[in-house]
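Asker: Predicted model and sequence below, questions to follow.
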Amino acid sequence: MDSNGTPLFVLVNVLFILYGQDISVAPVHIVYLGDRQNSDPRLVTDSHHDILASVLGSYKHGFSGFAAKLTDSQAQKVADLPGVVHVIPNRLHKLQTTRSWDYLGLSSQSPSNLLHETNMGGGIIIGLLDTGVWPESEVFNDEGFGPIPSHWKGGCVSGELFNATTDCNRKLIGARRYIDGFLADNEQPSNTTENPDYLSPRDSIEHGTHTSTIASGSFVVNASYQGLGLGIVRGGAPRARIAMYKVCWNVAAGQCASADILKAFDEAIHDGVDVLSVSLGSDIPLFSEVDERDGIAIGSFHAVAKGMTVVCGASTDGPSAQSVQNTAPWILTVAASTIDRSFPTPITLGNNMTILGQAMFPGKEIGFSGLVHPETPGLLLTAAGVCESLSLNNTTVAGNVVLCFTTELGTKILFYIRSTSFPTVKLSSSKTLVGKPVSTKIAYFSSRGPSSIAPANLKPDIAAPSVSILAASSPLDPFMDGGFALHSGTSMATPHISGIVALLKALHPSWSPVAIKSALVTTAWRTDPLGEPIFVEGSPRKLADPFDYGGGIANPNKAAEPACGTTHDLPQHQGLHFGCEPTLNHHSNLRKSTTLTRKVTNVGPQNSMYKAMIEPPLGIPVTVRPDILVFNSTTKWKSPPPTRCEHWILFWKPNLDGWGAHCVKSHICEDTVDTILCR
């Protein structure tokens, strides 16, 4: 390697740039040196700290670089140094069950599904970048667990109200906290009665405890929220191990610094994590921004290059188009869906009209009370009547029922409110309803594609349950009851997919992150598990399309079947150019006659033959060459000649005792059109 590109050379030059200048109030920047490995990572850390007092932390395992206080002019000079890939501002990121796993076909009572074929994820390590854990929760019970996997190289770190010896075990095998990047640009978390936090891996917000439960929580019986959703709580891979990397702090509902996020990625790569679950996001990117500034994208690129699957949420800025976040092609980006469970609540208005709404109100019936809407002065209103933040001390709210709505039912109530000077409402207690009467929908808040910074990259990739998910929580959660709470968001969808990825990794340890992603996306449901169509929440009524849910709702058992036939892969060098120029061979935004080439790998029976069957949109010609793919002991993958098409739907069916009808799909779309591989 050219000595002019080494971290030490860069740091020496940074020293000259900073000499004699006051950097005490300078903002933090991340000096990213790319995928450069040093023979002795400790030497990198020592040299960084010895030479540059402003360094807040070094990245030395998965990639090379450091975070430091630099003025904008200094940052520009550093960016021009040989060996520096980018200098990135330290941006803040924000935070994004008893029924959901049965809904996805992973019932613990079934002896023949992916859950049991993989010993429930035993031997796999799921890392989470989040708000920490509440280790006393029963979901971190390690009863019946064997030794910690031999590939684990991480550990637990003690801190405020967190003892690494007693709070970690054979289930919770890793727990660390990262705050230097946050403190450099922000005041310390207050740790007051109103906003408690701990300088340790302990969770004060509930977010990390909740997401950990969904991904890999141990079995806990008789869990509920005040009787709602009563059942067994567990994670998707309940025998997998958990490693928590606390990067978010209890300021403004949870804030996480890029410098700390990158440090956690770097150490997770070193520690031997198999799957990374990242329920974080930032502001919706603008067209003028470039993805290279995104710490999550950079950290996840290096993690994926080392064989770790990285799962991120699409975010909760829906239903607007181009609101999806975490759009790098190597990230598995998850949209939010409902499940076949609801909590219907009769709402009787003062005019005696009764509407069946949704609530989590298990108490006794509330007699007629005043009814207010966020139009009322003093209430914070976001899109379409959604209440983002309500203070319990708000005199306008106290003693009243507040209407927050996103559907046509709320509009009916709003008409009533506007028709009278003193609107009233009566609430009856909520019930739990499960099964066919409850249709699956894409959640109103789920961010939609296409990507605003890379429209040719179809996002999100897939959808998973995320509405009213019951999981463990912190006792500091005001909505917690008996150790559990019901929460919603793509933050809940992300660990659902992370748990499924852990099971797939246990079943197919040789599969790459992109192969796992391909298996999930190409087998996803485009109808719900009961065969009913999937709509989006809100009005007007609309069928969900790939910009709402990517490939569809995750179908873990089908993703695990080798008979699914084919998986796609993305070479690392192709992913590296994402964000540099819009030439990556992606499969969306096909506005004219287009040639696409895809390499497919047969993961089904060794001797397989697939025949193309095409259902193109009306008036659009489509051809596929070759129209038959033959695999045998010597041919395991194919790179077909170019396929010319505009908008198309392609079916592949393997010849197994006649042409079958089991679908596997790969999206190629402009707006709502996709490509399907079937057998």
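Answerer: Sure, I can see it. On a predicted model such as this, the values are computed, not experimentally measured, just so you know. Numbering: from 1, shown residues only.

Asker: before we move on, could you check phi and psi at the closest residue in space to residue 26 that isn't next to it in sequence?
Answerer: Nearest-residue entry for residue 26: residue 69, 4.3 Å, with adjacent residues in sequence omitted and distances by CB to CB, 6 or more residues apart in numbering. All C-beta atoms are positioned from the backbone trio N, CA, C, and that covers glycine. Torsion angles at residue 69 (phi, psi; degrees, to the nearest 10) stand at phi -80, psi 120.

Asker: same thing with residue 302?
Answerer: Phi and psi for residue 302, reported as degrees, to the nearest 10, are phi -70, psi -30.

Asker: In terms of pLDDT, where does the spatially closest residue to it that is not a sequence neighbour sit?
Answerer: Distances taken as CB to CB, 6+ apart place residue 62 nearest to residue 302, at 4.0 Å, with adjacent residues excluded. The predicted structure scores residue 62 at 78 on the pLDDT scale.

Asker: Test my guess that residue 62 contacts residue 304.
Answerer: No: with contact defined as CB atoms under 8 Å, residue 62 and residue 304 do not form a contacting pair (10.0 Å).

Asker: quick revisit: what helix or strand is the residue nearest to residue 302 on?
Answerer: When secondary structure is defined using DSSP states H and E, no element contains residue 62, which sits outside every helix and strand.

Asker: Next, the contact list for it, please.
Answerer: The contact partners of residue 62, by CB atoms under 8 Å, 6 or more residues apart in numbering, come to 35, 265-266, 269-270, 299, 302-303, 305-306.

Asker: if I look at the residue nearest to residue 26, how far off is residue 348?
Answerer: 59 Å (CB to CB, to the nearest Å).

Asker: Neighbour count: the two, which is higher?
Answerer: In this view residue 69 and residue 348 are compared by other CB atoms under 10 Å, and residue 69 has more residues nearby, 22 against 17.

Asker: my guess is that one contacts residue 30, does it?
Answerer: No: Residue 69 is beyond contact range of residue 30, at 11.3 Å (criterion: CB under 8 Å).

Asker: With just CA atoms, put stretch 273-285 into CSV.
Answerer: Provided in CSV are the C-alpha atoms of stretch 273-285 (Å, rounded to 0.1, in the frame of the first residue of the first chain):
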residue,chain,number,x,y,z
VAL,A,273,-22.1,-10.7,14.8
ASP,A,274,-24.0,-12.7,12.1
VAL,A,275,-27.0,-10.3,11.6
LEU,A,276,-27.3,-6.6,12.4
SER,A,277,-30.7,-5.1,13.1
VAL,A,278,-30.7,-1.3,12.8
SER,A,279,-34.0,0.4,13.6
LEU,A,280,-32.6,3.9,12.9
GLY,A,281,-33.0,6.5,10.3
SER,A,282,-32.5,10.2,9.6
ASP,A,283,-34.3,13.0,7.8
ILE,A,284,-35.7,12.1,4.4
PRO,A,285,-32.7,12.6,2.0
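
Asker: ok but residue 409 is inside a strand, no?
Answerer: No: the secondary structure assignment for residue 409 gives helix rather than a strand, going by DSSP: H, G, I helix; E, B strand; the rest coil.

Asker: In helices, which of the contacts of residue 62 fall?
Answerer: Cross-referencing these against helices under DSSP state H gives 265-266, 269-270, 299, 302-303, 305.

Asker: Could I get these in JSON lines, plus columns for distance to residue 517, neighbour count and pLDDT?
Answerer: JSON lines is the format used below for those (distance: CB to CB, whole Å; neighbours: other CB atoms under 10 Å; pLDDT from 0 to 100):
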{"residue": "265", "distance to residue 517": "18", "neighbour count": "31", "pLDDT": "97"}
{"residue": "266", "distance to residue 517": "22", "neighbour count": "23", "pLDDT": "95"}
{"residue": "269", "distance to residue 517": "18", "neighbour count": "22", "pLDDT": "96"}
{"residue": "270", "distance to residue 517": "23", "neighbour count": "15", "pLDDT": "96"}
{"residue": "299", "distance to residue 517": "17", "neighbour count": "26", "pLDDT": "93"}
{"residue": "302", "distance to residue 517": "17", "neighbour count": "22", "pLDDT": "93"}
{"residue": "303", "distance to residue 517": "13", "neighbour count": "26", "pLDDT": "96"}
{"residue": "305", "distance to residue 517": "14", "neighbour count": "17", "pLDDT": "93"}
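
Asker: out of the residues you listed, who's nearest residue 315?
Answerer: Minimum distance to residue 315 across the ones in helices among the contacts of residue 62 is 17.2 Å, recorded for residue 299 (CB to CB).

Asker: Could you find the closest non-adjacent residue to the closest one?
Answerer: Closest residue in space to residue 299, ignoring its immediate chain neighbours: residue 265 at 3.0 Å, by CB to CB, 6+ apart.

Asker: I'd assumed residue 300 was in contact with that neighbour.
Answerer: Yes: the criterion here is CB under 8 Å, and residue 265 meets it with residue 300 at 7.0 Å.

Asker: who touches both of those two?
Answerer: Common neighbours of residue 265 and residue 300 (criterion: CB under 8 Å, 6+ apart): residue 276.

Asker: follow-up on the earlier one: quick one, what contacts the residue nearest to residue 299?
Answerer: Counting by CB under 8 Å, 6+ apart, residue 265 has contacts 62, 129, 276, 298-300, 302-303.

Asker: With respect to residue 166, which of these is nearest?
Answerer: The shortest separation between residue 166 and any of the contacts of residue 265 is 23.9 Å, and it belongs to residue 129 (by CB to CB).

Asker: Adjacent strands (with direction) for the helix or strand where the closest one lies?
Answerer: Assigned by DSSP H and E, residue 129 falls within strand 125-130. Here strand 125-130 is paired, per DSSP bridges, with strand 241-246 (parallel), strand 275-278 (parallel).

Asker: from those, which stretch is densest packed?
Answerer: strand 275-278 (a mean of 32; mean count of other CB atoms under 10 Å).

Asker: Report the distance from that strand to the chain centre.
Answerer: 8 Å (CA atoms, centre = their mean, to the nearest Å).

Asker: Adjust the sequence numbering to begin at 381 for everything that follows.
Answerer: All right, first residue 381 from here; so that's strand 655-658.

Asker: continuing past it, what's the next helix or strand?
Answerer: Tracing the chain past strand 655-658, the next element assigned as helix or strand by DSSP H and E is strand 660-661.

Asker: Distance check, the closest residue to residue 625 other than its chain neighbours against residue 870.
Answerer: Counting by CB to CB, 6+ apart, residue 625 lies nearest to residue 644, which is 3.9 Å off, once chain neighbours are set aside. Taking CB to CB as the measure, residue 644 falls 19 Å from residue 870.

Asker: These two: who's more crowded?
Answerer: Under the criterion of other CB under 10 Å, the comparison of residue 644 against residue 870 puts residue 870 first, with 32 against 27.

Asker: so how many other residues sit close to the closest residue to that one other than its chain neighbours?
Answerer: When the adjacent residues along the chain are set aside, residue 870 lies closest to residue 693, with 3.3 Å between them (CB to CB, 6+ apart). In terms of burial, residue 693 registers 33 neighbours under the definition other CB under 10 Å.

Asker: isn't residue 693 right next to residue 871, touching?
Answerer: Yes: shown here, residue 693 and residue 871 form a contact pair, counting by CB under 8 Å, at 5.8 Å.
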